[in-house]
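Q: sequence and computational prediction follow.
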Amino acid sequence: MSRRTGKRKDTAPARTGAPTCTVTVCRGCCCGTPKVPGVDHPAQLDALRRALPAGARVRVTGCLDSCERANVLVVQPSAAGRAAGGRPVWLGLVDDEDAAADIAAWIEAGGPGLADPPGILDLYAFAPSRRVRAELPDG
């Protein structure tokens with residue numbers, strides 16, 4: 001199922017270092033641990049930080065309580081994206097080396113509310129329970 005909002009603006013976010021999206025990376029009880037084998041978790045986090053455009057933030061948090069989908073990331077829209085109707089997009093089973101580049105390209109294009117994600121990210125998207133969504137720290 002697509003997380004696309006269908007809403008687009010013709011302009012990408014300013015490249016002046018203005019805040020853009022925030023990516024919350026779960027590093028709790030399962031995500032980022034040997035429980036998810038075959039992934040260099042510190043390298044994955046470093047690759048994400050390097051790939052994101054200026055102004056985008058990476059926030060590492062404890063368990064987001066979606067352990068069955070480890071590794072979990074949440075892409076939160078920029079203020080402009082939220083004003084355009086964008087909502088946080090939850091991505092699970094993110095253990096592919098190319099995922100950081102796909103996420104960064106989406107954020108570079110505007111992220112939730114302003115740009116459709118690359119189609120490959122639809123494979124990672126999921127909807128967590130309301131309780132879990134409510135516990136996500138505000139950005």
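A: Nice, I can see it. What you see is a predicted model; the values in this text were computed from it and never measured. Residues are numbered from 1 along each chain as shown.

Q: contacts and neighbour counts: CA atoms only from here.
A: Fine.

Q: residue 30 and residue 36 touch, don't they?
A: Yes - assessed by CA atoms under 8 Å, residue 30 is found in contact with residue 36 at 6.9 Å.

Q: so what sits against both of those two?
A: 70, 71 (CA atoms under 8 Å, 6 or more residues apart in numbering).

Q: between those two, which is the more surrounded one?
A: More crowded of residue 30 and residue 36, by other CA atoms under 10 Å: residue 30, with 21 against 16.

Q: report the contact partners of the more buried one.
A: 36, 63, 67, 70, 71.

Q: which of the residues you listed sit farthest apart?
A: Spatially, the most separated pair among these is 36 and 63, at 14.0 Å (CA to CA).

Q: what about the residue most central in space within the chain, which SS state?
A: Residue closest to the average C-alpha location in the chain (CA atoms, centre = their mean): residue 75, at 2.8 Å. Assigned state for residue 75: strand (three-state reduction, DSSP: H, G, I helix; E, B strand; the rest coil).

Q: pretty sure residue 72 contacts residue 31?
A: Yes - between residue 72 and residue 31 there is a contact at 6.6 Å, judged by CA under 8 Å.

Q: where does this structure dip in pLDDT?
A: 1-19, 133, 135-139 (pLDDT under 70).

Q: mind listing the helices for it?
A: Per DSSP state H, the chain carries helices over the ranges 41-51, 79-83, 99-109, 130-134.

Q: okay, these in JSON lines with mean neighbour count and distance to residue 118 next?
A: Below are these laid out as JSON lines (neighbours: other CA atoms under 10 Å; distance: least, CA to CA, whole Å):
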{"stretch": "helix 41-51", "mean neighbour count": "16", "distance to residue 118": "15"}
{"stretch": "helix 79-83", "mean neighbour count": "17", "distance to residue 118": "16"}
{"stretch": "helix 99-109", "mean neighbour count": "20", "distance to residue 118": "7"}
{"stretch": "helix 130-134", "mean neighbour count": "11", "distance to residue 118": "23"}
